[in-house]
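Student: quick one, fold the following:
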Amino acid sequence: MDDLSAERIRAGTNRTRFRDIEVHPSIDSTQTLLVSQGGPDGRVVVADHQTAGRGRQGRSWLDVPGAMLMFSALLEGVPPDEASLVSLAAGVAVARAVGEDARLKWPNDVRIGGRKLCGIIGELAPSGSYVVVGIGVNVGHDAGELPDDLGATSIKIERGSAPRRDDLCAAILRELAAVVGSDFMDSYRGLCETIGAGVRVESPDGSFTGRATSVRDDGALVVGDHVVMAGDVIHLR
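Tutor: Below you'll find the model as predicted:
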C-alpha cells in the first residue's frame, strides 16, 4: 500500500474532473460499489485487493495484492447511447499512459507484445445517469507470477521495473479526462491491433472466423460481412 496514496493521486489529477479519490486496502469490488452507490461526478475508488472483482461478461478478476492497479471511476453526463464507448475511451487512455508500445485488442484489452496488460469494464448505472468504468492493470508482477494460460504480462516484466501505482492511476485519469467526450475513435483505430488481423469471433450468435477490417464509430468490429457488437475475439496466428 506504500505506493497507493489518495493524496498523491488527487495531486496528479488536480485540473481534471477526478477529484474525489478514495483508496481501500481491500474491498469486494470497486466496480460493484460505484455502480450501486453512485456519487459525485469524478468519484474514483481504488483498491489494493478485491475479493470479488469482475471482468467483462461477468468473469471473475484475479488480482495479486501489491502488484495490480485496480480502480473504478464514475462519469456523469454521458449520453446513454454513447455509454458503451466509454470503455473504448478508457483503453485509449490506458495505452497512452502506459507508453508507446501499448496496443489495443478489440474492444478494450490493453496489450504489450501481444500479451494482456490491462482489462477494462464499462457499465451504465441502472438509472442511466452515470457510467462506471473499471480498470485493472498488471503493474508489479514478476515473471512466473501470472498464469501461463492467461497470456498476460506486467509493466515490470516488460520494462524491468514498475511505476508507483498511484502515479500510474493519476496518469490514466488525466488521459481519461481528456479522451472522454472527445472525437477519439481515430486514435482508437490507430492503436487497435485487431484491425487487419485474422480473428475468430465467439458471440451469442455463434462462432466464425475472418479478417477484421475496421472498427466503426459506434465501436462495432467489422469482420468480413459481420458486424460484431459484443463477443470474444481471438487473434489467429
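
Student: from now on I want contacts and neighbour counts done on CA atoms only, so please keep to that.
Tutor: Noted.

Student: looking at it, residue 161 is touching residue 154, isn't it?
Tutor: No - contact criterion CA atoms under 8 Å: residue 161 and residue 154 do not qualify, at 9.7 Å.

Student: so those two - more neighbours on which side?
Tutor: Counted by other CA atoms under 10 Å, residue 161 and residue 154 do not tie: residue 154 has more neighbours, with 27 against 14.

Student: now do the closest residue to that one other than its chain neighbours, the pLDDT please.
Tutor: The shortest distance from residue 154 to any non-neighbouring residue, by CA to CA, 6 or more residues apart in numbering, is to residue 138 (4.6 Å). Looking at residue 138, its pLDDT is 96.

Student: change the start of the numbering to 41 and stick with it
Tutor: Fine by me, first position is 41 from now on; the one you just mentioned is residue 178.

Student: ramachandran angles for the closest residue to residue 125 other than its chain neighbours?
Tutor: What sits nearest to residue 125 in space, not counting adjacent residues and going by CA to CA, 6+ apart, is residue 259, at 6.4 Å. In terms of degrees, to the nearest 10, the main-chain angles of residue 259 are phi 90, psi -10.

Student: isn't residue 133 right next to residue 210, touching?
Tutor: No - look at residue 133 against residue 210 with CA under 8 Å: they stay out of range, at 11.0 Å.

Student: if we can go back for a sec, residues shared between the contacts of residue 201 and residue 194?
Tutor: residue 180 (CA atoms under 8 Å, 6 or more residues apart in numbering).

Student: how about the secondary structure of the residue nearest the centre of the chain?
Tutor: By CA atoms, centre = their mean, the chain has its centre lying nearest to residue 160, at 2.7 Å. Per DSSP: H, G, I helix; E, B strand; the rest coil, the local secondary structure of residue 160 is strand.

Student: tell me the bridge partners for it.
Tutor: For residue 160, the beta-bridge partners under DSSP bridges are residue 175.

Student: hmm, it is touching residue 129, no?
Tutor: No - with contact defined as CA under 8 Å, residue 160 does not reach residue 129; the gap is 10.2 Å.

Student: returning to that earlier point: hmm, residue 193 and the residue nearest to residue 194 touching each other?
Tutor: Yes - using CA under 8 Å, residue 178 is in contact with residue 193, at 6.8 Å.
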